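S.K.: after the sequence you'll find the predicted model.
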Amino acid sequence: MSFTEFLQIPELAERYRKVKKYFFLRESAYDVTSACQLRCDGCYYFQGDKYKTRDNRDPEAWKAFFEQEKQRGITYVVLAGAEPALVPKVLKACYETIPLGTIASNGLKPIDASIRYKIHLSVWGDSKGDPQYRKYANGKPGPNCLPAQLRNYKNDDRVIFVYTFNNNNVEELDEVIARIYEEGHKLTFNVFSNPGENGSPLKVVDALKRTREKMIAAVEQYPETVIYSRYNAEVHTQAVGLHDLFGCVYPRAQLIQGLQGVGISQSFRSYRTDLTHHAASDCCVPDIDCSDCRHYAAGSAIVSARLNQHVDSESKFRGWLDYVDTYLATWIMGYKKGSNLYFGPSSAGVSAQLRTESETSPRARVGDVQRV
Amino acid sequence: MPNVLSTTDTVFNLLWQSLEGGTYDLPRLKQEIRVDSPFEEFGFDSLDLVDFTLRVQEHFRIPIRQEDLPTLVSIEAVEAYIRAHEIA
């Protein structure tokens, strides 16, 4: 079957029409402050040299900057690094200019309710693990963030919790998901991706299979709480990262490979707190090791952009639809995720399918795909 | 005589099919886009263009390589690609 034949299947056509309305999104990422209460193991912000920039603290300068970004065609912002909640005037300036976006926060300080961006609250482990992985800036064990997050964002429809699996915390999800379910919130998953310069003890070495099984079990047991799909789980827990699976679309990776790219490969920028950006680091997680990248934000761009790598089988097209549906429900206010359409590859594993495809596509040069 | 569409008309039709359901003003686009109009002038999203190239690939039975996508910048560029890759 072919792409247009898949679109003759009513449930696939309906889902494709649903996600297609959002193809217009054109995103960039912005570090808005170098301040944070915490220093988390392997935190992407405090890797590399981007945190050494001098913060621009003038809301009017930020306002003018976001106007320029809007003129550049940016319709979606991701505000991160280090802790955006600490600069509410910058958030306001951005929201008043570009009304679609997401703020990545540790949740320890509430963000004003008038900022109607999605808010991704990071969770790194349970009540024992979270304080170990996320220390205070002075190096002492950090707080258990989840109780404070739930208190600060009770019944807040902007929020989705993001649980980052690392090599040590797979089973810690149980306590976390139960609390999030009780509070009626949503949860999605990230997979720890190793920082490029300094390796982290949290790097996922031998926990990929357990992580995948845990993700899929959570999707099945908490279907109203967990915004995720089986295909997401398979993609993010392969032995190789997203770059080797699909070919990274971010300008940083395109530059390294000498490619021109289209769409996000040309428009995405990763701005620092002094309003500068550099093509060599234009990526949503610029200081991680590309070969270990399983980051959920990177996947949202990479997998979604690779429609053409998902049309040689119905199961892969179903997986792509689930992935994009999950991405939109995670990042767009008011978008409701539909039921998952992908139930696993019909014969071989998804990685085997990807390998088959890679033999006839440019990705074959990037890397091979190994079953976990 | 059957009404046989030219390659140009067929490529245009495939483009309109790709843009349906998006956020575009299709009636206006159908008036404004010429064979040599650069797609970027109309703000097409890259995923819409991927959708378009998948339809072109399928209809004309030609493979379109990932690295060639940046060269498919207009209707006439797509036509030239088809001519260069179709099996005689």
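M.R.: Happy to help now that I have it.

S.K.: report the contact partners of the residue in chain A that chain B sits nearest to.
M.R.: Here chain A gets closest to chain B at one residue, A:Gly263, 2.5 Å apart by CB to the nearest CB. C-beta: built from backbone N, CA, C; applies to glycine. Counting by CB atoms under 8 Å, 6 or more residues apart in numbering or on different chains, A:Gly263 touches A:249, A:305, B:45-47, B:49.

S.K.: shaky segments in chain B?
M.R.: B:1-3, B:88 (pLDDT under 70).

S.K.: interface residues of it facing chain A?
M.R.: B:21-23, B:43, B:45-51, B:53-55, B:58, B:65-67, B:69-70 (CB under 8 Å from any CB of the partner chain).

S.K.: run the last query once more with 10 Å
M.R.: B:14, B:17-24, B:39-40, B:43-51, B:53-55, B:57-59, B:63-73 (CB under 10 Å from any CB of the partner chain).

S.K.: from these, which land in helices?
M.R.: The members of these that map onto helices under DSSP state H are B:14, B:17-19, B:46-51, B:53-55, B:57-59.

S.K.: tell me the two of the residues you listed that are most distant?
M.R.: Across these, the longest distance by CB to CB is 20.1 Å; it joins B:Ser46 and B:His59.

S.K.: higher neighbour count, those two?
M.R.: B:Ser46 (22 against 16; other CB atoms under 10 Å in any protein chain shown).

S.K.: these two touch, right, the more buried one and A:Phe268?
M.R.: No. Using CB atoms under 10 Å, B:Ser46 is not in contact with A:Phe268, being 11.2 Å away.

S.K.: A:Val162 reaches A:Ser300, doesn't it?
M.R.: No. Between A:Val162 and A:Ser300 there is no contact under CB under 10 Å: 11.6 Å.

S.K.: okay, and the common contacts of these two?
M.R.: Here A:Val162 and A:Ser300 have A:Thr330 as joint contacts, going by CB atoms under 10 Å, 6 or more residues apart in numbering or on different chains.

S.K.: ok, those two, which is more surrounded?
M.R.: Taking neighbours as other CB under 10 Å, A:Val162 and A:Ser300 compare with A:Ser300 leading, 22 against 19.

S.K.: per-residue confidence for that one?
M.R.: Looking at A:Ser300, its pLDDT reads 95.

S.K.: any idea which element A:Phe216 lies in?
M.R.: Phe isn't right for residue A:216; it's Ile. helix A:208-221 (DSSP states H and E).

S.K.: near chain B, anything from the helix or strand following that helix?
M.R.: Moving toward the C-terminus from helix A:208-221, the next helix or strand (DSSP H and E) is helix A:230-236. No. Shown here: helix A:230-236 not in contact with chain B (CB under 10 Å from any CB), separated by at least 17.5 Å.

S.K.: skip the chain neighbours and tell me the closest residue to the residue in chain B that chain A sits nearest to.
M.R.: Nearest residue of chain B to chain A, counting by CB to the nearest CB: B:Ser46, 2.5 Å away. Leaving aside its chain neighbours, B:Ser46 sits nearest to A:Gly263 (2.5 Å; criterion: CB to CB, 6 or more residues apart in numbering or on different chains).

S.K.: and if you look at A:Leu86?
M.R.: A:Ala35 (5.0 Å).

S.K.: phi, psi for that neighbour please.
M.R.: The phi/psi pair for A:Ala35 (degrees, to the nearest 10) reads phi -90, psi 140.

S.K.: if we can go back for a sec, what do B:Ser46 and A:Phe268 both touch?
M.R.: Residues touching both B:Ser46 and A:Phe268 (CB under 10 Å, 6+ apart) are A:26, A:249, A:261.

S.K.: who's in contact with the first one?
M.R.: By CB under 10 Å, 6+ apart, the contact set of A:Arg26 is A:69, A:72-76, A:100, A:263-264, A:267-268, B:43, B:45-46.

S.K.: correct me if wrong: A:Asp312 contacts A:Phe3.
M.R.: Yes. Using CB under 10 Å, A:Asp312 is in contact with A:Phe3, at 9.1 Å.

S.K.: among the ones in helices among the residues of chain B next to chain A, which ones are buried?
M.R.: B:14, B:18-19, B:46-51, B:53-55, B:57-59 (16 or more other CB atoms under 10 Å in any protein chain shown).

S.K.: test my guess that A:Leu328 contacts A:Lys337.
M.R.: Yes. Between A:Leu328 and A:Lys337 there is a contact under CB under 10 Å: 7.7 Å.

S.K.: hey, what's in contact with both of A:Asp312 and A:Phe3?
M.R.: What both A:Asp312 and A:Phe3 touch, as defined by CB under 10 Å, 6+ apart, is an empty set.

S.K.: how near is the residue nearest to A:Ala297 when sequence neighbours are not counted to A:Ile227?
M.R.: The spatial neighbour of A:Ala297 that comes closest, neighbours along the chain excluded (CB to CB, 6+ apart), is A:Cys284 at 4.5 Å. In this view, A:Cys284 and A:Ile227 are 18 Å apart by CB to CB, to the nearest Å.

S.K.: equivalent analysis for A:Ile302, please.
M.R.: Taken as CB to CB, the span from A:Ile302 to A:Ile227 is 18 Å.

S.K.: also B:Arg65?
M.R.: On the measure of CB to CB, B:Arg65 and A:Ile227 end up 34 Å apart.

S.K.: of these two, who's got more company?
M.R.: A count of neighbours by other CB under 10 Å puts A:Ile227 above the other of B:Arg65 and A:Ile227, at 24 against 12.

S.K.: correct me, but the more buried one touches A:Tyr323?
M.R.: No. Assessed by CB under 10 Å, A:Ile227 is found out of contact with A:Tyr323, at 11.6 Å.
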